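> got a structure for you, letters missing:
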């Protein structure tokens, strides 16, 4: 920790300071987190155990579920536990680790969703060469890009953040440590750093979102030449992915594509993209994917047979 810092811990105000509302928050968020972990873990296990789900699409879907489970776990457990207490604190180093985890896994998810869009582009626009193009080595390389990109993004953020002096007050009007709330507490001019945050995090979200929209425009235009059955199947798969993209990217762009300032709605938006979206992703993909639904039913039927024996 920098010697200029007099702050060893931060006080979090959480989602609400109303004791009755905190109990409701605890119940609701506990249920959301439980569904998130069960749903995403179920998808990962189903894809690993079912040899029929060995396509590139399911390979990336398993990783998306893994990232979602990890991403939700960065903030959710502490937020749930904090809702039981009146005073909520977090040590300085734990706060920095939370920021790092948020941006490492968030950045990885942004890039992974773009990689999944490329996978859909190849599958729909070049179906005869799909398995040849999306071979095992390319999948490994693309996942390497995902993790490296997330690590690079979060490391750059942290290199600037850890140099900021904090000399009090140490109260963060949020339920987690994030860049904009922390910049509000710095005892130095953070105007340029605020612009950097918008450029780094904001541009990562916006450029990938733009790339995704362009790729889906190309995919939709290519559907004109396909059969009605192929068109419906492609639209179903792409519809799931576009839904996930919008649910994740729009809140992220709202938070990071603006000057460093905080609004009262930021907490609700943060809950949405850190907890609600990771919960909805497995539901969206399984409900719209016949193969996944069949594989999950088969997995449970095998468990029932084993239990009966």
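All right, it came through fine. All of these numbers come straight from a predicted model, not from anything done at the bench.
> Break down this protein into its helices, ranges please.
Taking DSSP state H to define them, one finds helices in the chain at 19-49, 56-82, 92-125, 130-133, 136-161, 179-183, 191-197, 203-222, 228-256, 266-271, 277-287, 290-308.
> backbone phi and psi for the nearest residue to residue 14 once chain neighbours are set aside, please?
Among residues not flanking residue 14 along the chain, residue 175 sits closest, at 4.8 Å (CB to CB, 6 or more residues apart in numbering). C-beta: built from backbone N, CA, C; applies to glycine. Backbone dihedrals for residue 175, given as degrees, to the nearest 10, come out at phi -100, psi 0.
> For residue 175, give me its contacts.
12-15, 75, 79, 82, 88, 267, 270-271 (CB atoms under 8 Å, 6 or more residues apart in numbering).
> For PyMOL, what selects the buried ones among these?
Command for PyMOL that selects the buried part of the contacts of residue 175, burial taken from 16 or more other CB atoms under 10 Å:
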select buried, resi 12+14+15+75+79+82+88+267+270+271
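> Quickly name whichever of the contacts of residue 175 is closest to residue 256.
Of all these, residue 270 has the smallest distance to residue 256: 11.1 Å, by CB to CB.
> And that closest one, what's its pLDDT?
On pLDDT, residue 270 comes in at 89.
> ok, it to residue 34 distance?
20 Å (CB to CB, to the nearest Å).
> Ok, residue 257 next?
For residue 257 relative to residue 34 (CB to CB), the value is 32 Å.
> Just the pLDDT at the closest residue to residue 196 other than its chain neighbours, thanks.
Closest residue in space to residue 196, ignoring its immediate chain neighbours: residue 160 at 6.5 Å, by CB to CB, 6+ apart. Model confidence at residue 160, given as pLDDT, is 82.
> can you check residue 194 too?
pLDDT, residue 194: 74.
> Quick one: neighbours of it, just the number.
Neighbour count for residue 194, taken as other CB atoms under 10 Å: 19.
> Just confirm it contacts residue 183, I think it does.
Yes: with contact defined as CB atoms under 8 Å, residue 194 reaches residue 183; the gap is 5.8 Å.
> quick one: low-confidence parts of the chain?
Within the chain, the stretches with pLDDT under 70 are 1-5, 168, 225-227, 229-231, 233-234, 237, 259-261, 287-288, 302-309.
> Residue 257 and residue 34: which has the busier surroundings?
residue 257 (17 against 13).
> Could you measure from that one over to residue 139?
31 Å.
> ok, now residue 44?
Counting by CB to CB - residue 44 and residue 139 are separated by 16 Å.
> Residue 79 too?
34 Å.
> contacting residues for the nearest residue to residue 49 once chain neighbours are set aside?
Using CB to CB, 6+ apart and skipping the chain neighbours, the partner closest in space to residue 49 is residue 299 (6.6 Å). Contact partners of residue 299, counting by CB under 8 Å, 6+ apart, are 45-46, 49-50.
> Now with 10 Å, please.
Contacts for residue 299 (CB atoms under 10 Å, 6 or more residues apart in numbering) come out as 42, 45-46, 49-50.
> what's the closest of those to residue 238?
Closest to residue 238, out of all of these and judged by CB to CB, is residue 46, at 21.6 Å.
> Can you list the buried residues in stretch 167-182?
170, 172, 174-182.
> ok, the residues you listed vs residue 26, which is closest?
residue 175 (12.2 Å).
> Roughly how far does the closest one sit from residue 80?
Taking CB to CB, one finds residue 175 at 10 Å from residue 80.
> Quickly list what's touching both of those two.
By CB under 10 Å, 6+ apart, the residues touching both residue 175 and residue 80 are 25, 29.
> can you put the contacts of residue 175 in JSON lines and add distance to residue 96?
Shown next, in JSON lines, are the contacts of residue 175 (distance: CB to CB, whole Å):
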{"residue": "12", "distance to residue 96": "14"}
{"residue": "13", "distance to residue 96": "19"}
{"residue": "14", "distance to residue 96": "19"}
{"residue": "15", "distance to residue 96": "22"}
{"residue": "75", "distance to residue 96": "14"}
{"residue": "79", "distance to residue 96": "18"}
{"residue": "82", "distance to residue 96": "18"}
{"residue": "88", "distance to residue 96": "17"}
{"residue": "267", "distance to residue 96": "20"}
{"residue": "270", "distance to residue 96": "18"}
{"residue": "271", "distance to residue 96": "21"}
